[in-house]
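Trainee: Model the following, please.
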Amino acid sequence: MRWTILGFIGLVTLFEGPAPAIAGPETSLRPMPRGAVVAVPVTRTSLAVTRSIRPEARGAIRQVQPVVQATPVASNPAGFTRWARDFRTRALRQGINGRTFDTAFARATYLPVVIERDRNQSEFSKQLWEYLDSAVSSNRVQNGQRAFRQYRSTLDAIERAYGVEGHVVAAVWGLETAYGAIRGDTNIISAMATLAYDGRRKTFFEAQLIAALQILQSGDVTMAEMRGSWAGAMGHTQFMPDSYLRFAVDATGDGKRDIWGDSPVDALASTANYLRARGWTKGQPWGMEVRLPSGFDYGQAGERIKKRARDWNAMGVRKIDGGQVPEHGPSSILVPAGSRGAAFVIYNNFHVIETYNPADAYVIGVGHLSDRIRGGGAIQASWPRGDRALSITERREMQQRLSSAGCPPGKYDGIVGPNTIEAVRCFQRRIGQIPDGYASLTLLRRLRS
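Mentor: Residues are numbered from 1 along each chain as shown. Okay, the predicted model is just below:
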């Protein structure tokens, strides 16, 4: 059965036709198996340069950074060389052969700019609506609709094989690499080795480096071809090395799981395979915009509270067009900008996308872009556009002050997750504000006073 599916995807790809005309370039932010059928490629110039979007988890969306340039091998610090020698022993114990390791590390370089980005990324932030302005811009939507039409047969075959809707897969592609236009040009071995040597997240990045070496050893890609983002994400849909090993598939039947080349087919099928493995439910929305009734109890909002559609309908929650909230299983109400912004009812598929990138902004971006690619409308509610985002330092300060005010958020980590949102609600109730959990600069100033 597997070969029938893969062969069909390869065959339909033959007839996708030439790349369509694409809207002009846009600049935005970048916030994180065999056969012989040749797929029609998407070249780096066939789609408009709409930057990839990868926000940090809950509140720290990275801005555009320049392309990483490798430091010459001769300038590698002595400590890096010693670390590489010791790591070789550990790698060989985990099944990496000496030839693979030596070939990879003969060209591995220490990249100080990778450390700089890893240290500073969380200080760069944008508000959700600023992120969505780029993530679901008119250019990105138009490019997505054109890319979807070009690869419609392939995406339909992937949907049948994996049970993940084609417009959802296309939206991930659009946010991760602007439909393949910006896949990253950093040597993955160098980037992973730099981060593993640095030691801040040594265990994680050593595991990613072992996975990258296993990929090289498998023959799916060469050292020169294995390029991606400074943080290790690779290919059209930006798989980390360990995710590649677990979820990448050879959908074209050419004998390689190629997510790096001009053809996006293996990457798109691999993304669908990933989402299926994480629990995707075909036919269930990621979420939808809703209107909340006057006097809504914001204590009922948040990912931790789940109700059936009948319960939300009984409370007066309605779809944005006025219709009743449909039944798609347990759901939550999300108000990412509090009572002054859009509200969404979200389903389990929201949390499946969250495993790809845990930032709410990213999940809403993928979900809303997928809706727009399919022909849906824009978000109707307004946003509090006068508010600026809090820096990580300010978010940590807010958490400390909430604790001092008797509303402890748990860790002072600068991440505005469910615990911090509940702490904000606690403080808002004490001062007589709508307890919507929105962590704003106005709230921080009130805490300071």
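Trainee: got any ranges where this structure has weak pLDDT?
Mentor: Residue ranges of the chain with pLDDT under 70: 1-75, 121-124.
Trainee: ok, now with 50
Mentor: 1-8, 10-15, 17-51, 56-74 (pLDDT under 50).
Trainee: buried set for stretch 347-367?
Mentor: Of the residues in stretch 347-367, 347-354, 356-367 count as buried by neighbour count, 16 or more other C-beta atoms under 10 Å. To be clear about C-beta, it is placed using only N, CA and C from the backbone, and glycine gets the same treatment.
Trainee: How about stretch 385-392?
Mentor: 387, 389-392.
Trainee: cool, stretch 417-435 as well?
Mentor: Under the neighbour-count criterion of 16+ other C-beta under 10 Å, stretch 417-435 has 417, 419-428, 433, 435 buried.
Trainee: which residues sit against it?
Mentor: Residues external to stretch 417-435 that are found in contact with it (C-beta atoms under 8 Å, 6 or more residues apart in numbering): 58, 298-299, 302-304, 338-339, 395, 398-399, 402-403, 405-411, 436-439, 443, 446-447.
Trainee: Tell me which residue lies nearest the centroid of this protein.
Mentor: Asn357 (3.8 Å; C-alpha atoms, centre = their mean).
Trainee: Am I right that that residue sits in a helix?
Mentor: No: assessed with DSSP: H, G, I helix; E, B strand; the rest coil, Asn357 is coil; it does not lie in a helix.
Trainee: separation between it and Asn313?
Mentor: Using C-beta to C-beta, to the nearest Å, one gets 31 Å for the distance from Asn357 to Asn313.
Trainee: go on, Thr237?
Mentor: Taken as C-beta to C-beta, the span from Thr237 to Asn313 is 36 Å.
Trainee: again with Val352
Mentor: For Val352, the distance to Asn313 - C-beta to C-beta - is 24 Å.
Trainee: swap in Trp230?
Mentor: Note on Trp230: its distance to Asn313, by C-beta to C-beta, is 47 Å.
Trainee: Please apply the same query to Ile373.
Mentor: 28 Å.
Trainee: which one of the two has more residues nearby?
Mentor: Remark: of Ile373 and Asn313, Ile373 carries more neighbours, 26 against 17, as counted by other C-beta atoms under 10 Å.
Trainee: Would you confirm that the more buried one contacts Val141?
Mentor: Yes: the criterion here is C-beta atoms under 8 Å, and Ile373 meets it with Val141 at 6.7 Å.
Trainee: Go ahead and confirm Asp268 touches Gln150.
Mentor: Not Asp; residue 268 is Leu. No: checked against C-beta under 8 Å, the pair Leu268 and Gln150 is beyond contact range at 11.8 Å.
Trainee: And the strands in the stretch 101-250 of the chain?
Mentor: Secondary structure of the stretch 101-250 of the chain, counting by DSSP state E, counting those that start in this stretch: strands at 186-187, 227-228.
Trainee: Can I get those in a markdown table including distance to Pro293 and mean neighbour count?
Mentor: Below are the strands of the stretch 101-250 of the chain laid out as a markdown table (distance: least, C-beta to C-beta, whole Å; neighbours: other C-beta atoms under 10 Å):
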| stretch | distance to Pro293 | mean neighbour count |
| --- | --- | --- |
| strand 186-187 | 49 | 24 |
| strand 227-228 | 46 | 22 |
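Trainee: Make CSV out of these and add distance to Thr81.
Mentor: Formatted as CSV, the strands of the stretch 101-250 of the chain follow (distance: least, C-beta to C-beta, whole Å):
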stretch, distance to Thr81
strand 186-187, 17
strand 227-228, 23
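Trainee: These: which one's closest to Gly255?
Mentor: strand 227-228 (20.8 Å; C-beta to C-beta).
Trainee: Show me what that closest one is packed against.
Mentor: Contacts defined by 3 or more C-beta pairs under 8 Å, 6 or more residues apart in numbering; DSSP states H and E place strand 227-228 against strand 186-187, helix 188-198.
Trainee: Just the residues contacting it, thanks.
Mentor: With C-beta under 8 Å, 6+ apart, strand 227-228 has contacts from 183-188, 191, 234-235, 238, 260.
Trainee: what about burial for these, which qualify?
Mentor: Burial by neighbour count, 16+ other C-beta under 10 Å: within these this picks out 183-184, 186-188, 191, 234-235, 238, 260.
Trainee: Could you verify my assumption that Tyr438 touches Ala337?
Mentor: Yes: applying C-beta under 8 Å, one finds Tyr438 in contact with Ala337, separated by 6.2 Å.
Trainee: and the two? which has more neighbours close in?
Mentor: Each of Tyr438 and Ala337 has its neighbours counted (other C-beta under 10 Å); Tyr438 has more, 24 against 20.
Trainee: Confirm the more buried one sits in a strand?
Mentor: No: Tyr438 sits outside any strand when classified using three-state DSSP, being coil.
Trainee: show me the contacts for the residue nearest to it when sequence neighbours are not counted.
Mentor: Of all residues beyond its chain neighbours, the one nearest Tyr438 is Gly338 (2.7 Å), with distances taken as C-beta to C-beta, 6 or more residues apart in numbering. By C-beta under 8 Å, 6+ apart, Gly338 lies in contact with 384, 434, 436-438, 440.
Trainee: Please repeat the previous calculation with a cut-off of 7 Å.
Mentor: Contacts for Gly338 (C-beta atoms under 7 Å, 6 or more residues apart in numbering) come out as 436-438.
Trainee: likewise Thr281?
Mentor: Counted by C-beta under 7 Å, 6+ apart, Thr281 has contacts 348-349.
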